[in-house]
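Q: output the structure for:
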Amino acid sequence: MDGDADRLVYFSVPPESNAQIDLVDGDKILSLFAVFIREQLSLLNEKEDIKNCGKARLGIVQTAYANGASTNYLNNLGLEVNLTPTGVKYLHEKAAEFDIGIYFEANGHGTILFSESFIEWLEVRSNKLSSGSKGLFNGFSLQF
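A: Presented below is the predicted three-dimensional model:
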């Protein structure tokens, strides 16, 4: 955690690095979450009748200070990347427009927002999975 404990800073020490560290900044954290959530949505939608649920709108929000390579990477994955003025106030406001909104500043401040309608859909989906499976999802429930 940083000095005032309002963000996490991830890093790794490569094995042959001569004590150098590899900092996982906000752009990398955002990219990891975006790819993971996109994969999970794909799995959830695999067997779902699209007429009954629609597709969750995943939005990525960055500022002009974001690493351009991360923006290009996310765009190349087909993810919707939106730019806002600098500041969590603007990032948060834009992220709230999506079913799932992800934002992280380069310094690591950020979050993932889930809309109420998405949480309700996820609960219904979870109940369908639980009732229709024979073991894997038995006893699984969402708690918020």
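Q: and the pLDDT at residue 12?
A: Per-residue pLDDT puts residue 12 at 84.
Q: and if you look at the one 10 residues further on?
A: You'll see residue 22 listed with a pLDDT of 82.
Q: surely residue 31 is within a helix?
A: Yes. Using DSSP: H, G, I helix; E, B strand; the rest coil, the assignment for residue 31 is a helix.
Q: mind listing what it touches?
A: By CB atoms under 8 Å, 6 or more residues apart in numbering, residue 31 lies in contact with 70, 73-74. In short, each C-beta sits where N, CA and C put it, glycine included.
Q: residues touching the residue of the chain positioned farthest from its centre, list them.
A: Relative to the centre of the chain, the most outlying C-alpha is that of residue 18, 32.9 Å out, by CA atoms, centre = their mean. Contact analysis of residue 18 by CB under 8 Å, 6+ apart lists nothing.
Q: what's the spacing between stretch 93-108 and its chain's center?
A: Chain-centre distance of stretch 93-108: 8 Å, with CA atoms, centre = their mean, to the nearest Å.
Q: tell me the mean pLDDT over that stretch?
A: Stretch 93-108 carries an average pLDDT of 93.
Q: can you pull the buried residues of that stretch?
A: Neighbour counts over stretch 93-108 (16 or more other CB atoms under 10 Å) mark 94-95, 98-106, 108 as buried.
Q: which of those residues fall in helices?
A: Within the buried residues of stretch 93-108, residues falling in helices by DSSP state H are 94-95.
Q: name the residues of the one helix or strand residue 120 maps to that are buried.
A: Under the criterion of DSSP states H and E, residue 120 resides in helix 116-132. Buried residues in helix 116-132, counted by 16+ other CB under 10 Å: 118, 121-122, 125, 129.
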